[in-house]
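Trainee: just coords:
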Ligand code: G3H
Ligand code: 13P
Ligand code: ZN
């Protein structure tokens, strides 16, 4: 058993308190490899933003749990070496069982998500409460979820949104003791969040997706004032990155994300954590494709992963400064 405190990590409690008071959201960026992690650290150091490093169960299988633990510790030390003491949370994204959450806590995670949203309400409550009881013994914070996002989450997929029912949230919080709650108000995972036929065209001919259900968010805020809310599936799918990918041999069709203005609006509400993974995947893929297309003789991984890392860093900086408002909050 290693405590997250020994790794220099923090849990999400204080960060969410400050985010709520300051009307911004903490970025939760997924990582699977060194270049992504370096880009996150560099961006958060340069913009002085706290950060949540997210690891999905797929990432854990890909990178190995022991590697991840030392990488997170390395991220803390790297930020210090760069002269900024960035508060860093190591968070399990979409934990699907008590055993997985327990194992992550034992490996030094400071926060876990138990995603019981695909179960019945009572099963979700029971599973979440069990994780909270264990996690709180170690001061690890827990995110639960009510409502189901459309799209694919790990191996589970749902065709339609099941929006969070505001009338369930107080009971869920009371029975589980969670520290934050992920809700479903129209975001979804991946790069194809909306079908073109769901969108309208603006004056410039750009497809505009239907707005998020801020009415549901407001109703939830009224029922649980001051309680930290989490938005999953919050990538904006930057069209310049999609264009580069497609220009250099990619085949991304109808890739549409959440407009940044909507995320900015959400960040000023009770939404304290905003999850972004797909945008980083797009940025990395765009850079790698561009290098491969322009320099077909190149075979040194540093020559394509290096530009990908630079591009990623810029993307993350843009998020902290212009979208989440978490820059200069250290
Ligand atoms: O919510 C899903 C995250 O984007 C993680 O994706 O399970 O493919 O690592 P993954
Ligand atoms: P995106 O696919 O929109 O980046 O969402 C990521 C996420 O919610 C991770 O849990
Ligand atoms: Zn998610």
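Mentor: Structure's in. What do you need? If you're wondering where the values come from, they're calculated on a predicted model, not measured in any experiment. Ligands and ions are numbered 1, 2, ... in the order given.
Trainee: below-threshold pLDDT in the stretch 1-150 of the chain: ranges please.
Mentor: Confidence mapping of the stretch 1-150 of the chain against pLDDT under 70 gives zero matching residues.
Trainee: which parts of it sit against ligand 1?
Mentor: Taking C-beta under 6 Å from any ligand atom, the part of the stretch 1-150 of the chain that reaches ligand 1 is made up of 30, 56, 58, 59, 93, 94. Using the backbone N, CA and C atoms, a C-beta is placed for each residue, glycine as well.
Trainee: mind running it again at 5 Å?
Mentor: For the stretch 1-150 of the chain, the residues in contact with ligand 1 under the definition C-beta under 5 Å from any ligand atom are 56, 58, 59.
Trainee: residue 221 versus the last one, what's the distance?
Mentor: When you say that, I think you mean residue 59. 31 Å (C-beta to C-beta, to the nearest Å).
Trainee: can you give me the buried ones in stretch 76-83?
Mentor: For stretch 76-83, the neighbour count (16 or more other C-beta atoms under 10 Å) marks 76, 78, 79 as buried.
Trainee: re earlier: out of the residues of the stretch 1-150 of the chain next to ligand 1, which are inside helices?
Mentor: Helix and strand membership here follows DSSP state H; of those, those in helices are 58, 59.
Trainee: in CSV, list the residues of the stretch 1-150 of the chain next to ligand 1 along with neighbour count and distance to residue 289.
Mentor: Converted to CSV, those look like this (neighbours: other C-beta atoms under 10 Å; distance: C-beta to C-beta, whole Å):
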residue, neighbour count, distance to residue 289
56, 19, 24
58, 14, 22
59, 20, 22
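Trainee: and the strands in the stretch 51-200 of the chain, which stretches?
Mentor: Counting by DSSP state E, counting those that start in this stretch, residue ranges of the strands within the stretch 51-200 of the chain are 51-56, 88-95, 111-114, 141-146, 151-153, 156-158, 180-183, 200-201.
Trainee: now the ones you listed as CSV including distance to residue 167?
Mentor: What follows is the strands of the stretch 51-200 of the chain, written out as CSV (distance: least, C-beta to C-beta, whole Å):
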stretch, distance to residue 167
strand 51-56, 29
strand 88-95, 25
strand 111-114, 22
strand 141-146, 11
strand 151-153, 24
strand 156-158, 21
strand 180-183, 13
strand 200-201, 31
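Trainee: out of those, which is closest to ligand 2?
Mentor: With distances scored as C-beta to the nearest ligand atom, the stretch of these nearest to ligand 2 is strand 88-95 (4.5 Å).
Trainee: centre of the chain to the closest one, how far?
Mentor: When C-alpha coordinates are averaged (C-alpha atoms, centre = their mean, to the nearest Å), strand 88-95 and its chain have centres 9 Å apart.
Trainee: orientation of that strand relative to strand 51-56 in degrees?
Mentor: On the basis of axes from the mean of the first three to the mean of the last three C-alpha atoms, to 10 degrees, strand 88-95 is oriented at 30 degrees to strand 51-56.
Trainee: any buried residues in strand 88-95, and which?
Mentor: Buried, per 16+ other C-beta under 10 Å, within strand 88-95: 88, 89, 90, 91, 92, 93, 94, 95.
Trainee: what strands flank that strand, and is each parallel or antiparallel?
Mentor: Neighbouring strands of strand 88-95 in its sheet, by DSSP bridges, are strand 51-56 (parallel), strand 111-114 (parallel).
Trainee: excluding its backbone neighbours, what's nearest residue 330?
Mentor: Spatially, and ignoring its direct neighbours in sequence, residue 330 is nearest to residue 48 (4.6 Å; C-beta to C-beta, 6 or more residues apart in numbering).
Trainee: swap in residue 315?
Mentor: Here the nearest residue to residue 315 in space, its sequence neighbours aside, is residue 283; by C-beta to C-beta, 6+ apart that works out to 4.5 Å.
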